[in-house]
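1. Just need the structure, nothing else, for what follows:
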Amino acid sequence: MFAPVLIAYSSRTGSTLEVAEAIAKVLRRTRLTVHVTRMRDVQSLDQFGSIILGTPIYVGELPREVHRFIARFRTPLAGLPSWMFVLGPVEGRPGEFGMSANQAGRELAQFPWFRPVEIKILGGRFDIDALPFPFNLGRRLLPSRFAGLPHTDLRNWSEINTWATLLSWRIKPVASRLAELEFAPEELLAG
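-> Numbers count the residues shown, from 1 in each chain. The predicted structure follows:
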């Protein structure tokens, strides 16, 4: 029996939570036990066999909640297989994904003991009406600058499901053969 998987997330507007829940749904199809919990609510990592961290990146920085989580669980994170997904790009400009990857890498360099197997950069969601404090101040102080900004959602659900399927294969290869492989890449199905 495999130890449960923890998906610990940080989310201000619910976008990262939605991705965490989508990943959990795919992992559960492989008969993995998955707990989805906000980072600040995690009490211990003792019962988990692997961990997936999910976070947005805002203006080139990870939320403080992420920094606190990684610092707080230094010892267990050093020994757990871990993955991370980062929601960043919201405009779809060329190079935006690479820029988010570089920003996340700089932020994580502060924690040399935390070495995720993979850091997956995913498209994010931007909704001017849902921005939390302090980001919503700009809208109030400079309304003309923010007028007409479009709502964008670059989260690619097919890519997210494919990545989650790949994760299941890495976490629990035998169980993954039992999964509904509708999102699995052809190279996995051939093996």
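2. Just give me the neighbour total for residue 109.
-> Using other CB atoms under 10 Å, residue 109 has 9 other residues around it. Every C-beta, even on glycine, is put in place using the N, C-alpha and C of the backbone.
3. Equivalent analysis for residue 50, please.
-> Residue 50 has 22 neighbouring residues, counting by other CB under 10 Å.
4. Look up which residues are beta-bridged to it.
-> residue 5 (DSSP bridges).
5. State the distance from it to residue 12.
-> Distance of residue 50 to residue 12, computed by CB to CB, to the nearest Å: 25 Å.
6. Also residue 54?
-> Taking CB to CB as the measure, residue 54 falls 12 Å from residue 12.
7. if you count what's nearby, which of those two comes out ahead?
-> More crowded of residue 54 and residue 12, by other CB under 10 Å: residue 54, with 27 against 16.
8. Identify the bridge partners of the closest residue to the more buried one other than its chain neighbours.
-> The spatial neighbour of residue 54 that comes closest, neighbours along the chain excluded (CB to CB, 6 or more residues apart in numbering), is residue 9 at 3.9 Å. Beta bridges link residue 9 to residue 38, residue 54 when assigned by DSSP bridges.
9. Just the mean pLDDT for stretch 49-67, thanks.
-> Across stretch 49-67, the average pLDDT comes to 93.
10. Likewise for stretch 83-101?
-> 89.
11. Can you list the buried residues in that stretch?
-> Applying a neighbour-count criterion of 16 or more other CB atoms under 10 Å, one finds 83-90, 96-97, 99-101 buried in stretch 83-101.
12. Kindly report the same for stretch 156-169.
-> 160, 161, 162, 163, 164, 165, 166, 167, 168, 169.
13. Would you check how far apart the second one and residue 168 are?
-> It refers to residue 161. With distances taken as CB to CB, residue 161 is found 11 Å from residue 168.
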